[in-house]
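**Q** Have a look at this prediction, sequence included:
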Amino acid sequence: MSLPPRAQAPIGIFDSGLGGLTVAAAVARALPNEDIVYLGDTARVPYGTRSPATVVRYARKNVSFLRAKGVKLVVVACNTVSAQGLGGLADGSELPLLGVIRPGVRAALEVSRGGAIAVLGTPATIRSNAYEQAIHERVPGRPVVQIPCPLFVPLVEEGWLDHDVTRAVAKEYLGPLADTGVDTIILGCTHYPLLTQVIRETATELLSPDVVIVDSASAVAHSTAILLETTGLVRSAEGGDHRFFVTDAPDRVSSVATRFWDMGDARSFELEHVDLVDFNP
């Protein structure tokens, strides 16, 4: 039996900026036949300084844009929206929504050996306690150590992925995890996968070589594959067409964007501009 036409539609992914491209890249690697439409709201980044009501309003506009592109699923590749506004995006339609927090938590609990779980995130994500709440929903009482890491994002955007300053900052942030019994670290920001190597080396030095680093981008890609399978929306034909939209300054941010979209084919990577203020689906 052939799949419904909706299965051939693209996957929609959005973030407040460009960090969600790490999620998009992970989805593209895991599901190479799927088309992807990505939206980065670069005109209004960061969302972490906004009120929850404003975050929901921005996110609804993003979803409306992706819906107008005919997507079959929306991946909310933004920790702030996933933490503060995911419930506010439900509109009664059949369009599935997938955030980044619960997939990362599930992956962490699967690999954890029963020790404490550390969450590295932006100050806004840590203040939300969303990761801790999601962990305790599944395993009440599991020790959780949350570490705000405000300097990681600018270091990634500066391109200092393997730099002495980045290593020093990582040691400063991971230092408090010593003697906490942490056996798993969740990278709770879409920028952080680019620092996986530095974080892993720092954790090995300060904590234990057995500490597992959970990349939420890979976890979301895995959850996306499962969701498409269970809903009968896996694309049956060859695809792999990727379109990328930003709400401001595509020329200025293109060099940073290619750092997140690390697919070895930068020549096919092009950012298109869309003005969401004037956008009416």
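**A** Received the coordinates, thanks. Numbers count the residues shown, from 1 in each chain.

**Q** can we go C-alpha only for contacts and neighbour counts from here?
**A** Will do.

**Q** And residue 80, how far from residue 126?
**A** Plainly put, residue 80 is 10 Å away from residue 126 if you go by CA to CA, to the nearest Å.

**Q** which of the two has more neighbours?
**A** Ranked by neighbour count (other CA atoms under 10 Å), residue 80 and residue 126 place residue 80 first, with 30 against 22.

**Q** which stretch of helix or strand covers the more buried one?
**A** helix 79-84 (DSSP states H and E).

**Q** Would you map the strands across the chain?
**A** 11-15, 36-40, 73-76, 97-98, 116-121, 144-148, 182-188, 212-215, 242-246, 271-273 (DSSP state E).

**Q** Would you convert these into JSON lines that also reports distance to residue 255 and mean neighbour count?
**A** Listed next are these as JSON lines, based on distance: least, CA to CA, whole Å; neighbours: other CA atoms under 10 Å:
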{"stretch": "strand 11-15", "distance to residue 255": "17", "mean neighbour count": "28"}
{"stretch": "strand 36-40", "distance to residue 255": "14", "mean neighbour count": "26"}
{"stretch": "strand 73-76", "distance to residue 255": "23", "mean neighbour count": "25"}
{"stretch": "strand 97-98", "distance to residue 255": "28", "mean neighbour count": "19"}
{"stretch": "strand 116-121", "distance to residue 255": "24", "mean neighbour count": "24"}
{"stretch": "strand 144-148", "distance to residue 255": "27", "mean neighbour count": "20"}
{"stretch": "strand 182-188", "distance to residue 255": "23", "mean neighbour count": "24"}
{"stretch": "strand 212-215", "distance to residue 255": "23", "mean neighbour count": "22"}
{"stretch": "strand 242-246", "distance to residue 255": "13", "mean neighbour count": "20"}
{"stretch": "strand 271-273", "distance to residue 255": "10", "mean neighbour count": "17"}
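
**Q** Switch the ones you listed over to JSON lines; also include distance to residue 162 and mean pLDDT.
**A** Listed next are the strands of the chain as JSON lines, based on distance: least, CA to CA, whole Å; pLDDT from 0 to 100:
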{"stretch": "strand 11-15", "distance to residue 162": "25", "mean pLDDT": "97"}
{"stretch": "strand 36-40", "distance to residue 162": "25", "mean pLDDT": "96"}
{"stretch": "strand 73-76", "distance to residue 162": "28", "mean pLDDT": "96"}
{"stretch": "strand 97-98", "distance to residue 162": "31", "mean pLDDT": "93"}
{"stretch": "strand 116-121", "distance to residue 162": "18", "mean pLDDT": "96"}
{"stretch": "strand 144-148", "distance to residue 162": "20", "mean pLDDT": "97"}
{"stretch": "strand 182-188", "distance to residue 162": "17", "mean pLDDT": "97"}
{"stretch": "strand 212-215", "distance to residue 162": "17", "mean pLDDT": "95"}
{"stretch": "strand 242-246", "distance to residue 162": "27", "mean pLDDT": "95"}
{"stretch": "strand 271-273", "distance to residue 162": "26", "mean pLDDT": "92"}
